[in-house]
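Colleague: The sequence isn't on hand, but the structure is:
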Ligand SMILES: [Zn+2]
C-alpha cells in the first residue's frame with residue numbers, strides 16, 4: 001500500500017520513504033509523490049537515491065494499492081529508505097496543461113453544450129477531444145480560445161476535496177465528462193473544482209489558481225466526424241508579477 005502524497009499536495013517535489021518492495025529495477029515505496037499516470041496525465045519522472053546510490057525514475061505505474069517506480073538501473077536489495085525528487089519542470093508543466101484542460105472543458109460545456117470525450121497532456125502541448133453539437137467554424141475556435149483565456153486570467157482558485165460516491169453522483173457536473181466515469185469500487189470520490197468553471201471527479205495534479213496556467217493558444221483543430229472535434233494547444237507561461 002503506497003500513500004499518494006500528490007493527492008493532498010501537488011506542489012510537493014521531494015520526499016523520504018521506506019522501501020516495501022524491490023524487484024530488480026522496480027521499487028514500491030510506502031509513500032510517494034510520483035504520479036503514476038492516468039486521466040490523460042503522463043507518469044512522472046525524477047530520481048530516487050540514498051547516499052552514493054542513485055537511480056533515475058523512468059516510469060511509474062499503479063499496481064493494486066501500490067505504486068511501482070521503474071528505475072534506469074537496479075539498486076542494492078539492502079536499501080531500506082530512499083529520497084525521491086521529481087523532475088519538477090516537467091510535472092509543473094503537466095499541472096498547468098491539466099488545469100487548462102479543465103477550464104477549456106468548462107468553457108465549451110457552458111457556452112456550447114459540448115461534452116469532453118478525452119484529453120491528453122504533454123510537457124509542451126495538450127489536446128482535447130469533444131462532442132460538439134453546433135456548427136464548427138474558425139470563428140467558433142477563436143471564441144473558445146478567447147473565453148478560455150478570459151477565464152484563466154480571472155484567477156479562479158482550484159479546490160480539491162472528497163465526497164462520498166453517492167453525493168458525487170447527485171451532481172451532474174461531476175459525471176459530465178465521459179472520460180471520467182467514476183469507478184464503482186470507489187466509496188469516496190476526489191473532486192477537483194474550479195469555482196464557477198468546472199468540477200470533475202479526478203485523481204490528477206493541478207495548479208492552485210488558473211492564473212498559474214498563463215495564456216492558451218489553439219495551434220490546430222480538427223473535425224474527426226460529424227460531432228467529434230479536436231483542439232490542440234500550447235501555453236505561454238504567465239509573467240512573474242501575475243503570480244504575486
Ligand atoms: Zn484534472
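Modeller: Looks like it arrived, so ask away. Bear in mind that the values here come from a model prediction, so they are computed numbers and not experimental data.
Colleague: got the residues of this protein near the ion?
Modeller: Residues of the chain lying close to the ion by C-beta under 5 Å from the ion are 98, 202, 204. Quick note: C-beta positions are derived from backbone N, CA and C, even for glycine.
Colleague: one more time with 6 Å, if that's ok
Modeller: 98, 102, 192, 202, 204, 206 (C-beta under 6 Å from the ion).
Colleague: In contact with the last one, which residues?
Modeller: If I follow you right, that is residue 206. 10, 95, 98, 99, 102, 158, 160, 192 (C-beta atoms under 8 Å, 6 or more residues apart in numbering).
Colleague: Just the pLDDT at residue 175, thanks.
Modeller: According to the prediction, residue 175 has pLDDT 59.
Colleague: Can you lay out the residues of the chain next to the ion as CSV showing pLDDT and secondary structure?
Modeller: CSV is the format used below for these (pLDDT from 0 to 100; DSSP: H, G, I helix; E, B strand; the rest coil):
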residue, pLDDT, secondary structure
98, 97, helix
102, 96, helix
192, 93, strand
202, 89, coil
204, 95, coil
206, 97, coil
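Colleague: Between these, identify the one with the most neighbours.
Modeller: The residue in the residues of the chain next to the ion with the most neighbours, by other C-beta atoms under 10 Å, is residue 102 (27 neighbours).
Colleague: That one: what's its closest spatial neighbour, skipping adjacent residues?
Modeller: Spatially, and ignoring its direct neighbours in sequence, residue 102 is nearest to residue 198 (4.7 Å; C-beta to C-beta, 6 or more residues apart in numbering).
Colleague: I'd assumed residue 105 was in contact with that neighbour.
Modeller: Yes - Residue 198 is in contact with residue 105 according to C-beta atoms under 8 Å; the separation is 5.7 Å.
Colleague: Can you point out the buried residues in the worst-scoring helix or strand of the chain on mean pLDDT?
Modeller: Across the helices and strands of the chain, mean confidence by mean pLDDT, DSSP states H and E is lowest for helix 165-170: a mean of 79. Buried residues in helix 165-170, counting neighbours by 16 or more other C-beta atoms under 10 Å, are found at residue 168.
Colleague: Next, report how far it is displaced from the centre of its chain.
Modeller: Its chain's C-alpha centre and that of helix 165-170 lie 22 Å apart, by C-alpha atoms, centre = their mean, to the nearest Å.
Colleague: Next: stretch 201-217.
Modeller: For stretch 201-217, the distance to the chain centre is 8 Å (C-alpha atoms, centre = their mean).
Colleague: again with stretch 122-141
Modeller: That offset, for stretch 122-141, works out to 18 Å (C-alpha atoms, centre = their mean).
Colleague: Now do the end-to-end distance for it.
Modeller: With C-alpha to C-alpha, to the nearest Å as the measure, the ends of stretch 122-141 fall 21 Å from one another.
Colleague: Now do that stretch, average pLDDT.
Modeller: 94.
Colleague: Can you report how many residues neighbour residue 51?
Modeller: Residue 51, neighbours per other C-beta under 10 Å, totals 7.
Colleague: Correction: the previous question concerned residue 113.
Modeller: Residue 113: 11 neighbours (other C-beta under 10 Å).
Colleague: any idea how far residue 228 is from the residue found closest to it once you drop the neighbours it is linked to in the chain?
Modeller: The shortest distance from residue 113 to any non-neighbouring residue, by C-beta to C-beta, 6+ apart, is to residue 133 (5.7 Å). Distance, residue 133 to residue 228, by C-beta to C-beta, to the nearest Å: 11 Å.
Colleague: Fine, thanks again, bye for now.
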